[in-house]
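1. need a structure here:
(chains A and B)
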Amino acid sequence: MSTISNLFSNTTARRGIGALIGFVIIWHIGAMIDDWTGYDLLGIGLVPPPADVFAAFLGVIPKAGYWMSWVSSFSRVVTGFLVAMIIGIPFGLMLAVNRYFRGIFFPPFEILRPIPPLAWVPASLIFWPTNEMSIAFVTFLGAFFTIVINVLGGARSIDISYLRAAQSMGATQFDLFWKIVLPGTLPSIFTGAAVGMGITWEVVLAAEMISGGGTQGGGGLGFFIWNSYMGGSLEQIVVGMISIGIAGYLCSSAIRKIGYYFMPWRRLF
Amino acid sequence: MNPNKTATKTSESKNAKKLESARVEMKGVSKSYGEDWDAEEVIKNISVDFPAGELTVIVGPSGCGKSTLVNLLAGFEKPDTGQVTIDGEIVTGPAKDRMVVFQETALIPWQTTLENVTFGPKMRGDKQGASLNKEAEELLIKVGLGEFMHKYPIQLSGGMQRRAELARALINEPTVMIMDEPFRGLDAMSRSLMQEFFLQLFEENQKTNIFVTSEIDEAIFLADNLVILSNKPTTVQTVIKIDLPRPRNYKMLTSAKAFKYRKQAMELLHGEAMKSFAVSK
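-> Numbers count the residues shown, from 1 in each chain, chains lettered A, B, ... in the order given. You can find the predicted model right below:
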């Protein structure tokens, strides 16, 4: 109870809640305008009104299948994203600090990077033994290139005077890496993570729609939307869309929180 | 490592003094940038002596290669010809005996003021733990940052950042301090306060100081020796011995002597500045 009253006393939270209410009102007007005036509002004329979507939401909440979709999409996103971080951060740092490594790996990286992750879907469906693995692979690709490019750019743009100052005070190459290069790259790592996380959600949804989400019913939110489309339930499509919005929001706020924790000096601006 | 090292090494008694401050020499130093066919000579055959325990100020028109000179003295870059020596030993790279305070702040943003100050000794492992922290705290109190030890650099004002940098340099007990336009970008008030503060530090420690600036008044106020540079390619025009008493204060800048130095320096620099102005047009 006290948390809720706190929410309303906080100006930022009040503004956010106000904006959400305003959005729902506009949505409602857009959806109802055909009934009221006989004219469609171009673009959103066929969107179901918020009350119907809310009802559909209440309808799916008790269903295990809906939550299974959450779980499977989430686990795909998290897996692809974490693998991309684990491989991408050291890879990007190596590209930044080692001339030979950059000479060897940067050209192929730059050729593979412009290929949209979705263009990999058919090939990876053939290449990987299970649907699950091919979806995970494509989500990994979605985040990987963005993370690497951000890490590389961040590490290369560290002010040389920090390196010189540290060097003249007797820091070794090892110290330079751990005390200067790595913390100096952290802001870019988190930028890359936030952007990469967004891309993994885009990719996982599309991959789930294309692959049909496997046979065991664990199709994920992408398949949930697709299924609702096939079943002709407009309300449920919107429920799926909003679910993804919420899921993406949860992921990016988690990344922000972790970023704040690791970069106390960045909290100040 | 190099044969000159033993040959030019000074006597025992002088070595003992080296702990306090050292004599820096540049002999026939030149430096160019770019490929052979397109090389731009920035520094041309500079020979200059920075006496031990004295404050030598380098002034020159803007863009004349003062920062290159600093990089060579600090060992961040190597001269094409000639050498930089410290008490007779040739400089081959950066080391803790020469601390540089940079033009823009080089405090590490992700370390608190205290962490910045203790960084050097910690990296080298020559001072540690509580005694290091105590020493750093005392230094920070001395430079007036006692209450700001646990703040990050971004929370400090420009003048505080410069003082934090001075503390970070001093804890390494350098024999030479190299200041590359350290007070540039500060407002007039903080600048003159910093100059007085810096002079006070110097007059206490009497370390060899090399101070680069483009302000004539600042130069005369601080210097024992004033090295006036020419336009690019940079050479030494004149070295003026500034014979004003220490400890100094701002009133001395209005004395007849200071005025004479000022006039002399102005005439030399003005001619050079006109040249660079004409070139840049």
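2. Now the residue of chain A found nearest chain B: closest residue in space, sequence neighbours ignored.
-> Here the residue of chain A nearest chain B is A:M169; by Cβ to the nearest Cβ that distance is 3.3 Å. Just so you know, the C-beta spots here come from the backbone N, C-alpha and C atoms, and that holds for glycine as well. In space, not counting the residues next to it along the chain, A:M169 is nearest to B:G120; the distance is 3.3 Å by Cβ to Cβ, 6 or more residues apart in numbering or on different chains.
3. Looks like A:F177 contacts A:N98 (just checking).
-> No - contact status for A:F177 versus A:N98: not in contact, 10.6 Å apart, counting by Cβ atoms under 8 Å.
4. Is residue 239 within a helix or a strand, and which one?
-> Reading this off chain A. For A:V239, the enclosing helix or strand under DSSP states H and E is helix A:234-262.
5. not quite, I wanted chain B
-> Assigned by DSSP H and E, B:V239 falls in strand B:236-241.
6. For that strand, which strands pair with it and how are they oriented?
-> According to DSSP bridges, the neighbouring strands of strand B:236-241, each with its direction, are strand B:225-229 (antiparallel).
7. And the contacts of the strand it pairs with?
-> Residues outside strand B:225-229 that contact it (Cβ atoms under 8 Å, 6 or more residues apart in numbering or on different chains): B:48, B:50-51, B:54-61, B:64-66, B:69, B:219-220, B:235-242, B:261, B:265, B:268-269, B:272.
8. May I see the domains of the chain written out as residue ranges?
-> As the question left the chain open, I've gone with chain A. A:1-46, A:48-264 (automatic domain parsing).
9. meant chain B, my bad for not saying
-> According to the domain assignment given by automatic domain parsing, chain B is divided into the following structural domains: B:4-97+B:174-280, B:107-173.
10. Run through the residues of the stretch 151-269 of chain A sitting next to chain B.
-> If contacts are counted using Cβ under 8 Å from any Cβ of the partner chain, the residues of the stretch 151-269 of chain A sitting beside chain B are A:159, A:161-162, A:164-172, A:175, A:179-180, A:183-184, A:186, A:263-265, A:268-269.
11. Now, these that are in helices?
-> Of these, the ones assigned to helices by DSSP state H are A:161-162, A:164-168, A:175, A:183-184, A:186.
12. Nearest to A:F91 among those residues?
-> Of all those, A:F91 sits closest to A:L186, with 16.3 Å by Cβ to Cβ.
13. The closest one: neighbouring residues, count only.
-> Residues contacting A:L186 under the criterion other Cβ atoms under 10 Å in any protein chain shown number 17.
14. need the contact list for the residue in the stretch 1-150 of chain B positioned nearest to chain A.
-> Sorted by distance to chain A under Cβ to the nearest Cβ, the residues of the stretch 1-150 of chain B start with B:G120, at 3.3 Å. Each residue near B:G120 by Cβ under 8 Å, 6+ apart is listed here: A:169-170, B:96, B:168, B:171-172.
15. So which of these wins on neighbours?
-> B:R168 (28 neighbours).
16. got a list of contacts for the host helix or strand of that one?
-> In the assignment (DSSP H and E), B:R168 maps to helix B:158-170. For helix B:158-170, the surrounding residues in contact (Cβ under 8 Å, 6+ apart) are A:169, B:99-102, B:105-107, B:113, B:116-117, B:119-120, B:136, B:139-140, B:142-145, B:148, B:153, B:156, B:177, B:182-183, B:185-187, B:190, B:193-194, B:197-198, B:201, B:205.
17. Of all the residues in the helix or strand just after that helix, which ones are buried?
-> Sequence-wise, the next helix or strand downstream of helix B:158-170 (DSSP H and E) is strand B:176-180. Residues B:176-180 are the ones in strand B:176-180 that count as buried (16 or more other Cβ atoms under 10 Å in any protein chain shown).
18. Going through the contacts of strand B:225-229, which ones are buried?
-> Applying the neighbour count, that is 16+ other Cβ under 10 Å, the buried entries in the contacts of strand B:225-229 are B:48, B:50, B:54-61, B:64-66, B:69, B:219-220, B:235-237, B:240, B:242, B:261, B:265, B:268-269, B:272.
19. Select from those residues every entry located in strands.
-> Cross-referencing those with the strands (criterion: DSSP state E) gives B:48, B:50, B:55-59, B:236-237, B:240 as the overlap.
20. re earlier: which one of the domains of chain B has the poorest average confidence?
-> Mean pLDDT per stretch puts domain B:4-97+B:174-280 lowest among those, at a mean of 83.
21. Now do it: distance to the chain's middle.
-> Counting by Cα atoms, centre = their mean, to the nearest Å, domain B:4-97+B:174-280 is centred 6 Å from the centre of its parent chain.
22. What are the phi and psi values at B:E25?
-> phi -130, psi 140 (degrees, to the nearest 10).
23. count of neighbours near it?
-> That count, for B:E25 with other Cβ under 10 Å as the rule, works out to 17.
24. so how far is B:D180 from the residue nearest to it when sequence neighbours are not counted?
-> In space, not counting the residues next to it along the chain, B:E25 is nearest to B:T85; the distance is 5.0 Å by Cβ to Cβ, 6+ apart. In this view, B:T85 and B:D180 are 20 Å apart by Cβ to Cβ, to the nearest Å.
25. for B:M252, same thing?
-> Where B:D180 is concerned, B:M252 sits at a distance of 25 Å (Cβ to Cβ).
26. And for A:I111?
-> Using Cβ to Cβ, A:I111 is found at 43 Å from B:D180.
27. So which residues of chain B form strands?
-> B:24-33, B:40-50, B:55-59, B:81-86, B:89-90, B:98-101, B:176-180, B:208-213, B:225-229, B:236-241.
28. Which stretch among those approaches A:V53 most closely?
-> Shortest distance between A:V53 and these, using Cβ to Cβ, is found for strand B:98-101: 62.6 Å.
29. Quick one: list the elements packing against that closest one.
-> helix A:160-168, helix B:66-74, helix B:158-170, strand B:176-180 (3 or more Cβ pairs under 8 Å, 6 or more residues apart in numbering or on different chains; DSSP states H and E).
30. Could you export those to TSV, including columns for distance to A:E235?
-> Listed next are those as TSV, based on distance: least, Cβ to Cβ, whole Å:
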stretch	distance to A:E235
helix A:160-168	55
helix B:66-74	67
helix B:158-170	58
strand B:176-180	67
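31. from the middle of its chain, how far away would the lengthiest helix in chain A be?
-> Among the segments of chain A that qualify as a helix by DSSP H, the longest is helix A:64-97. Averaged C-alpha coordinates place helix A:64-97 at 9 Å from its chain's average position (Cα atoms, centre = their mean).
32. what is the mean pLDDT for the helix or strand that comes right after it?
-> As assigned by DSSP H and E, the chain's next helix or strand after helix A:64-97 is helix A:99-112. For helix A:99-112, mean pLDDT is 94.
33. what does helix A:99-112 contact?
-> When contacts are taken as Cβ under 8 Å, 6+ apart, the neighbours of helix A:99-112 outside the stretch itself are A:91, A:94-96, A:145, A:148.
34. hmm, try it at 6 Å
-> Contact partners of helix A:99-112, identified using Cβ atoms under 6 Å, 6 or more residues apart in numbering or on different chains, comprise A:94-95.
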